[in-house]
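[1] predicted model and sequence follow; I will ask about them next.
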Amino acid sequence: MSGERYRLIGSTASPYALKLRALLRYRRIPHDWVVMTRALRAATAHLRPMLIPVLQFPDGTYRGETTTLAHTLESLHAGRSVIPADPAAAFVCDLLEDMADEWAVKALFLYRWWDPEDQAYVSRWGAEEWSVSDEPAGSAAEIESFRLRQVSRMPILGATPENRPLIEASYRRMLDAFEPFVGMRRYLFGSRPSLADFAWYGQLSELATDPTPMRILRDRAPMLDHWVRRLDDASGVDGDWGTLEEALAGSAGRLLALAGELYLPFLVANDEAWRDGAPQLRLRVWGLDYVLTPFRFQVKCLARLRERYAALDPGSRARLAPVLAASGCLAALEPGG
């Protein structure tokens, strides 16, 4: 590497890699896009957890975790920020980004590995760009090894017959939250994209490509399909932040309601099960059940959201509290929630 260029190492099959690539393009931060190889996997093996994407900084160091990376880049590069200027809106952005990263991915994983058509499509794709096997690159053996590995993880990640109805219902509601409000210059917080937009773009770009969820998306949310395609490279987009009230009247408000009904109750149930040492968390939303082994990382997600809400200045918190209460989010974010 030379100069101030970064190197983003990932896979086009990874929603998180595409999230960060689109963000780097929008922010006009010089970078090279590199598909993960076995050699690069060995070079980044010291990172924990070992996930993609990995961003190699101009000094040669490697770092991971897209939310942390996005905020680090904010501190290093001025201009074209993806964090709304209004602290109250910035908190809603944090919450919606977290929901994309930690819940929308459940729909992606379920659809990818449930139906044989989707399994075959993604296995061919992922095996070349993402495989961790020792089989020859692109071979039938590597494709099948990748498929079997991913299918075996379905119960761990909640893609089960018991959970399928809730995950599929949440996918439809996510699409409905976006569809009436997307457009050429319409994003969650104004006429410029935010970190939350890029997080949702990452998940939706994969859902708009895999066979089964793609058909659902094009039928139910055709304008969203085009919006997602455009956000892949928004380097030419210029715009402004809108007001919090304008954001809440659009997709951000619809998604915030979903966070109150579904995502934050899930995080609270996960947190309680983890702290109680329970083998499973149990959740019932919209008359549908969800059961899963609790995850430590999502305990950290809830703690981080609570810390960021508590750190808001008193004026921003006072403006935001009624909004969060109306959406059902407030109780989960306050101490003892």
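    Alright, I've got the coordinates.
[2] give the contact list for residue 316.
    86, 87, 88, 91 (CB atoms under 8 Å, 6 or more residues apart in numbering). No exception for glycine: its C-beta is placed from N, CA and C like everyone else's.
[3] next: residue 185.
    Residues in contact with residue 185 (CB under 8 Å, 6+ apart) are 191, 237, 239.
[4] what strand or helix carries the closest residue to residue 35 other than its chain neighbours?
    Nearest in space to residue 35, with sequence neighbours left out and distances taken as CB to CB, 6 or more residues apart in numbering, is residue 129 at 5.1 Å. For residue 129, the enclosing helix or strand under DSSP states H and E is helix 116-130.
[5] report the buried residues of that helix.
    118, 119, 121, 122, 123, 125, 126, 127, 128, 129, 130 (16 or more other CB atoms under 10 Å).
[6] ok, residue 53 - contacts?
    Contacts of residue 53 (CB under 8 Å, 6+ apart): 8, 9, 10, 11, 14, 16, 17, 20, 21, 64, 66.
[7] which non-adjacent residue is nearest residue 171?
    Leaving out its chain neighbours, the residue that sits closest to residue 171 by CB to CB, 6+ apart is residue 107, at 4.0 Å.
[8] which parts of the stretch 1-150 of the chain are strands?
    6-10, 31-35, 54-56, 62-64 (DSSP state E, counting those that start in this stretch).
[9] tell me the angle the first one makes with strand 31-35.
    What that stands for is strand 6-10. 20 degrees (axes from the mean of the first three to the mean of the last three CA atoms, to 10 degrees).
[10] which stretches of the stretch 151-300 of the chain form strands?
    281-285, 288-292.
[11] to residue 216, which of these lies closest?
    Closest approach to residue 216 among those (CB to CB): strand 288-292, 17.4 Å.
[12] returning to that earlier point: just checking, the residue nearest to residue 35 touches residue 18?
    No. Residue 129 is beyond contact range of residue 18, at 11.8 Å (criterion: CB atoms under 8 Å).
[13] return every residue with contacts to both of these two.
    In contact with both residue 129 and residue 18: residue 12, using CB under 8 Å, 6+ apart.
[14] next, the distance between the ends of stretch 99-111.
    End-to-end distance for stretch 99-111, by CA to CA, to the nearest Å: 18 Å.
[15] buried sites along stretch 209-229?
    Under 16+ other CB under 10 Å, the buried positions of stretch 209-229 are 209, 210, 212, 213, 214, 216, 217, 221, 224, 225, 227, 228.
[16] need the contact partners of it.
    By CB under 8 Å, 6+ apart, the residues outside stretch 209-229 that reach it are 107-108, 111-112, 114-115, 117-118, 121-122, 171-172, 175-176, 178-179, 182-183, 201, 204-205, 207-208.
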